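A.B. asks: My questions concern the predicted model and sequence given below.
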Amino acid sequence: MKLRGEGAWSAAQLAGSAVLGLFLVLPLAGLFATLSWNDFLGGLRNPLLGPALRLTLLTTATSLAIVVLLGSLLAWRVARNPGRISRALETLAQLPAVIPPAVAGVGLLLAFGRRGLLGAWLDRHGIALAFTTPAVVMAEAFVSAPFFVQSAIAAFRRVDENLLVVARTLGASPFRAFLRVGLPLAAPGLVAGAAMSWARAVGEFGATLLFAGNLTGRTQTMPLAVYTAMESDLRAAQSLSLILVAIAFGLLLVLRRLSPDAALPGTGLHRA
């Protein structure tokens, strides 16, 4: 027996779902449907692809390693030591997620550029960061860190405090308890956060463009290569875009298979 208004509410849900679903699918369908297989293969021969793909894999792997290493330490501190300092650290770690990427790029330039807060001192010692490959890594780490840190905090908060106490009473040091108890128990959330952090780094554009530039083989990542290809070869831009879509889709499949119960990065919520 249907309750009064249930049919109308169900119809509204279906209509809203259909409209939003169609809106989300059409751009992806446009990428696939308007490019033939021969054109796709032709686009893959564009000289931008090889250097951009290699640089993207190198820089995102490096930024991910930095984010996971330092982010795990920060997340453990926040999760296991509640208080004002931890809340401030958590807020600070979340901030890059809500800052526009272009603003992040300007900030990185004003901090680490040749005339920046720290960059001027580095320049006097012969160290230049802006418009170099390390600048790409820095931009990717800055924008992707919140996705790992927030997921790691949620995962570490679910670790049973009693298990850590038992490990300490058996003679384990705080670091050993973290390494042998905390990390294994929080692994699903850490894997999910690392995957989403890497995906964000792969798709980074604005901060990289402003802080590192768009130099082929040096700072031009895949999203920047798509931007450059659009100026002269739409076929190549589509081919590069399809590669990024395939990477993203594959990542989502792996993420769901490896950590179906992990917290959704950046939200602290869990999958049902």
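C.D. replies: Yep, it's here.

A.B. asks: Can you give me the separation between residue 93 and residue 174?
C.D. replies: 21 Å (Cβ to Cβ, to the nearest Å). Heads up, the C-betas are built off the backbone N, CA and C, glycines and all.

A.B. asks: What is the longest helix along the chain packed up against?
C.D. replies: Longest among the helix segments of the chain by residue count, using DSSP state H, is helix 49-80. In terms of contacts (3 or more Cβ pairs under 8 Å, 6 or more residues apart in numbering; DSSP states H and E), helix 49-80 is packed against helix 84-98, helix 133-157, helix 183-202, helix 222-230, helix 234-258.

A.B. asks: angle of that helix against helix 84-98?
C.D. replies: 150 degrees (axes from the mean of the first three to the mean of the last three Cα atoms, to 10 degrees).

A.B. asks: I'd like the mean pLDDT over helix 49-80, please.
C.D. replies: For helix 49-80, mean pLDDT is 95.

A.B. asks: ok, back up a step: could I get the helices and strands packed on helix 49-80 as CSV with mean pLDDT?
C.D. replies: Formatted as CSV, the helices and strands packed on helix 49-80 follow (pLDDT from 0 to 100):
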stretch, mean pLDDT
helix 84-98, 91
helix 133-157, 95
helix 183-202, 92
helix 222-230, 93
helix 234-258, 85
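
A.B. asks: among those helices, which is nearest residue 163?
C.D. replies: Closest to residue 163 of those is helix 183-202 (Cβ to Cβ; 7.3 Å).

A.B. asks: elements contacting that closest one?
C.D. replies: helix 49-80, helix 133-157, helix 234-258.

A.B. asks: Quick check: next helix or strand after the second one?
C.D. replies: Spelled out, that is helix 133-157. Note on helix 133-157: by DSSP states H and E, the next helix or strand toward the C-terminus is helix 161-169.

A.B. asks: Output that next one as CSV - backbone C-alpha positions only.
C.D. replies: These are the backbone C-alpha positions of helix 161-169, laid out as CSV (Å, rounded to 0.1, in the frame of the first residue of the first chain):
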residue,chain,number,x,y,z
GLU,A,161,42.7,2.9,21.9
ASN,A,162,42.7,-0.3,24.0
LEU,A,163,44.8,-2.0,21.4
LEU,A,164,47.4,0.7,21.5
VAL,A,165,47.5,0.5,25.3
VAL,A,166,48.1,-3.2,25.2
ALA,A,167,50.9,-2.7,22.7
ARG,A,168,52.5,-0.2,25.0
THR,A,169,52.2,-2.4,28.0
